[in-house]
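In: Kindly generate the corresponding structure for this input.
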Amino acid sequence: MKIATFNVNSIRKRLPLVLDWLERHKPDVLCLQETKVQDSDFPSLALASTSYHVTFRGGKSYNGVAVLSRTEPEAVSYGLDDGGSPDEERLIRVVVRGIPIINTYVPQGFELDSPKYAYKLNWFKRLRTYFQKHLSPTKPAIWCGDMNVAPTPIDVHSPEKHLKHVCYHEDARKAYQEAVSWGFVDVFRKLYPDRQQYTFWDYRKPSSLDANKGWRIDHILATPPLAEHCTKCDVDVEPRRDPNASDHTFLWAEFEISMS
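Out: Numbers count the residues shown, from 1 in each chain. The predicted structure is shown next:
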């Protein structure tokens, strides 16, 4: 099974890029974040023409998540379901061939003294509760998406300069790690303990890609029974060089399990 994740930063703007990547790489599942389109305007027909099943939830101009899968999901649910404040359009859970896949677009946080940052930290707590309710660490499951956290110093350029950044601050990293410690394994880091590889390069710094001043904030994680079957995980940097690129690029992983 090949699964990929990509913060598309507007599905309508990046549709040709997504269609091209699907055609060339043929993942079994592609999770998208920040689709930035309300459901009535989602380009479902264009994506359906690829023969992928398309599941999505979005809102106008902000947030939004989608899952494209070769086989029709056996179950679909949206959002955190703990009765708390609305989590916007940030989570889809699908079950594909018996494997739950949770696609998240974690809040960015804005500034450390902003209510949005407190919301981000609490969102991770709510997410761990969600895992506890719907999954088991002893059974196969995948969690992927734009986590808006660089977990360790190797995951961000010049880490000493970003200690007060909402995506690297110690509280954000701790909140993320507490969610991960419920029972997930970062499969990229499992395969490459010491490799520096980014998934995001800031638009506001035009030379960031060429200078490789980036962040690894997009992740694919799996519970241990599935993580042990992950044989490949990599980042496709080339789409980030596209004239109409997102500021993120595709991360993908392969698991040696039967999809029949």
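
In: what's stretch 41-54 in contact with?
Out: Contact with stretch 41-54 is made by 11-12, 15, 18-19, 22-23, 30, 35, 37, 56, 58, 66-73, as judged by C-beta atoms under 8 Å, 6 or more residues apart in numbering. Glycine gets a C-beta too; all of them are placed from N, C-alpha and C.

In: ok, Trp201 to Thr71 distance?
Out: 33 Å (C-beta to C-beta, to the nearest Å).

In: Same check on Pro239?
Out: 25 Å.

In: which of the two has more neighbours?
Out: Under the criterion of other C-beta atoms under 10 Å, the comparison of Pro239 against Thr71 puts Pro239 first, with 19 against 12.

In: Quick check: the more buried one is in a strand.
Out: No. Secondary structure assignment places Pro239 outside any strand; it is helix (DSSP: H, G, I helix; E, B strand; the rest coil).

In: Contact partners for the closest residue to it other than its chain neighbours?
Out: Distances taken as C-beta to C-beta, 6 or more residues apart in numbering place Thr249 nearest to Pro239, at 5.0 Å, with adjacent residues excluded. By C-beta under 8 Å, 6+ apart, the residues touching Thr249 are Phe6, Thr199, Phe200, Val235, Asp236, Val237, Glu238, Pro239, Arg240.

In: One more: His169?
Out: Contacts of His169 by C-beta under 8 Å, 6+ apart are Leu112, Leu163.

In: now the strands: where do they sit in the stretch 51-200 of the chain?
Out: Assigned by DSSP state E, counting those that start in this stretch, the strands in the stretch 51-200 of the chain fall at 53-57, 65-69, 75-78, 91-96, 99-105, 142-146, 185-186.

In: Which residue ranges of the stretch 101-250 of the chain form helices?
Out: 115-134, 170-180, 187-191, 224-227 (DSSP state H, counting those that start in this stretch).

In: In CSV, list those along with distance to Ile101, mean pLDDT and mean neighbour count.
Out: Listed next are those as CSV, based on distance: least, C-beta to C-beta, whole Å; pLDDT from 0 to 100; neighbours: other C-beta atoms under 10 Å:
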stretch, distance to Ile101, mean pLDDT, mean neighbour count
helix 115-134, 12, 97, 17
helix 170-180, 16, 98, 18
helix 187-191, 13, 98, 20
helix 224-227, 10, 98, 17
